[in-house]
Structure formats: structure tokens, C-alpha cells
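A.B. asks: Dropping a prediction and its sequence here:
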2 protein chains.
Amino acid sequence: MSAAQEFEAANAQYFSTFSKGELPLPPARKVAVVACMDARIDVFRTLGLQEGDAHVIRNAGGRASDALRSIIISQQLLGTREIVLLHHTDCGMLTFTDDVIRAKISAELNQNADHIAFLPFAHLKQSVVDDIRFLKESPLVLDVPISGIA
Amino acid sequence: MSAAQEFEAANAQYFSTFSKGELPLPPARKVAVVACMDARIDVFRTLGLQEGDAHVIRNAGGRASDALRSIIISQQLLGTREIVLLHHTDCGMLTFTDDVIRAKISAELNQNADHIAFLPFAHLKQSVVDDIRFLKESPLVLDVPISGIA
């Protein structure tokens, strides 16, 4: 089986034993988590989450600016009133720069990616500080508790 | 304890029993999953993932265009060669339009959000078709297997 077929079978099996329809749409803990996409991080296990607790937004690095659309929807339509950022040691975002990935894309795909900010960072703790500040300064984000784990 | 304090304690407990440093950075299954942020979806349990298997990108709706930065990093720097989209029934993205959320932001925050496409959709299956097509047509995304679960 391909990964996709295996995932589909797992998904069907999962929903045969659990009906998420029984849980309400708005997160019970009223929290939105923004975490890195890193394959080694199972956010539910890492943070002790139960199904229905929190929105889980994940992207490369767990960057806040890239999560803005989702955070606004989470707050405006689904009532979350806290944001928790989860960045981590040994993150891939510490290993490159915009110049490096743009050069790779130019060489291998013959494409220009200068219009994309890939949001790598050189310092883990600072990335959390920067992302908290970004959210606190955004006029589209509510004035709610924002914290970071790194 | 606040949610943030509780999450931090859970995180510390988790890493005292599990060292993700023992797993390599590139995903073992060479897959990037793009899923909705919905609080009721534990992606690892839903898809039968183990730590280290796959990048997990999550946003409101599991929309591909909003995951582009992360997908490029996943493919170019961390070697994934398959994409699986996970959208779901009873999704919040089926319940509003750009006009609705922009009007709410205007009324409640006195801010203009016309520059943000919130990416809601009216039809679940079509959202998966649209997102697969978006990725297949993107010159910055490799020609790899792309499938969707909805």
C-alpha cells in the first residue's frame, strides 16, 4: 500500500470507532496552538491534548505570520482566546537562509522564489519572542494571552 | 494552571521520556500531510502516524495554497516526495464567506481585512479537488503523488 492508501484505511478505521461529530466545533479549551510541522512532534501527545481541546496550526517553524489567516478564523469564528506557540530544538528552520533555498529552487526547478519569505531563523528563543511580538502588534489579532514553548 | 502552563508541563514530561533527537530530521515516510486545524482531529491517530513519519502542516481548512511555503521547504530541504490532503465533514470553512468574516472584523475590530483571502469553501469534495489542482499546477511544487482524503 502507498502511504496515501494506508492513511485512508487508518482514517476509515479511526472514524469507525470514534465520532468527532459528538464533539462541538469550537475548541473546548479556547486555545489555538501554533507548532512546527516537524515529523517528530506529535502535538497531541507533546502538549497532553485531547480531541476537541484546541486548534492546532502547524507550518515550517511554527511561524506566527504564516498562521495569521488561521488564527483570525480561530478567534473570530470559533472563539479561541489564547495562543500558544511551540518551537523546538534541532529545528530545520535553523539550517538554512532564504538565499540558500531560493538558489536551490533556481538551480533545480529553474524557478524564481524571491516572492516567498521562507521564514527561517538563526536563534530558536528569539524566533518565539519575534512571533509573540508579531501577534501582539497585529491589529487583526485579539488582545489575548500569548505564550511560547521552545 | 493556565492552558499554557499545563502544556509546558506536559511538554517537559513528554521529553523526559522520549528523545526526538534520536529520530532523523527528514520524515521517514517521505510524506507531507496538509490537514485542517480542527480541534477534533488528532492527525497522528487519524492517519496512524508514528513520530518521525511525516511532516504535518495544519491550517484552517487544510488549504494547500496557505501551506505552500511549508511544502516547498518539506520537499526541497527535507526530501518529502508525496503530499496527502486531509479535509473533513462538518468543517468550519463550510460555514462562512470572505464577506462574512471581513464584515465581522470591520464591526468588532474596526479593521479592514480585504487583503486576506480566508479560503472558505462551499463544497468539501471540491475543496480537495481544487487544492490538488493548485499543487499540481504550481511550478514550485515537485511532480509527486498528491492525494486527498475528505
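C.D. replies: Here it is on my side, so go on.
A.B. asks: Just give me the residue right at the centre of chain A.
C.D. replies: In chain A, the residue lying closest to the centroid (CA atoms, centre = their mean) is residue A:58, at 1.9 Å.
A.B. asks: Which stretches in chain A count as strands?
C.D. replies: Applying DSSP state E to chain A gives strands spanning A:31-36, A:54-59, A:83-86, A:146-149.
A.B. asks: can I get those strands in a markdown table with mean pLDDT and distance to chain B?
C.D. replies: All C-beta spots, glycine's among them, are computed from the backbone N, C-alpha and C. Output for these, formatted as a markdown table (pLDDT from 0 to 100; distance: least, CB to the nearest CB, whole Å):
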| stretch | mean pLDDT | distance to chain B |
| --- | --- | --- |
| strand A:31-36 | 98 | 5 |
| strand A:54-59 | 98 | 4 |
| strand A:83-86 | 98 | 5 |
| strand A:146-149 | 96 | 4 |
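A.B. asks: Mind checking those strands for the one nearest to residue B:133?
C.D. replies: Closest approach to residue B:133 among the strands of chain A is made by strand A:54-59 (21.4 Å; CB to CB).
A.B. asks: Which neighbouring elements make contact with the closest one?
C.D. replies: If you count contacts as 3 or more CB pairs under 8 Å, 6 or more residues apart in numbering or on different chains; DSSP states H and E, strand A:54-59 packs onto strand A:31-36, helix A:43-47, helix A:68-78, strand B:54-59.
A.B. asks: Need the contact partners of it.
C.D. replies: For strand A:54-59, the external contacting residues (CB atoms under 8 Å, 6 or more residues apart in numbering or on different chains) are A:27, A:29, A:31-37, A:43-44, A:47, A:49, A:66-67, A:70-71, A:74, A:78, A:80, A:84, B:3, B:37-39, B:41, B:43, B:56-60, B:67, B:69-70.
A.B. asks: what do you get if the cut-off is 6 Å, keeping everything else the same?
C.D. replies: Residues outside strand A:54-59 that contact it (CB atoms under 6 Å, 6 or more residues apart in numbering or on different chains): A:27, A:29, A:31-35, A:37, A:43, A:66-67, A:70, A:74, B:37, B:39, B:56-59, B:70.
A.B. asks: could you turn it into PDB, dropping everything but the C-alphas?
C.D. replies: C-alpha atoms of strand A:54-59 as PDB (Å, rounded to 0.1, in the frame of the first residue of the first chain):
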ATOM      1  CA  ALA A  54      -7.500  23.200  20.800                       C
ATOM      2  CA  HIS A  55      -7.000  24.300  17.200                       C
ATOM      3  CA  VAL A  56      -3.600  23.000  16.000                       C
ATOM      4  CA  ILE A  57      -2.000  25.100  13.300                       C
ATOM      5  CA  ARG A  58       1.300  23.700  12.000                       C
ATOM      6  CA  ASN A  59       3.800  25.000   9.500                       C
END
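A.B. asks: Fine by me, thanks again.
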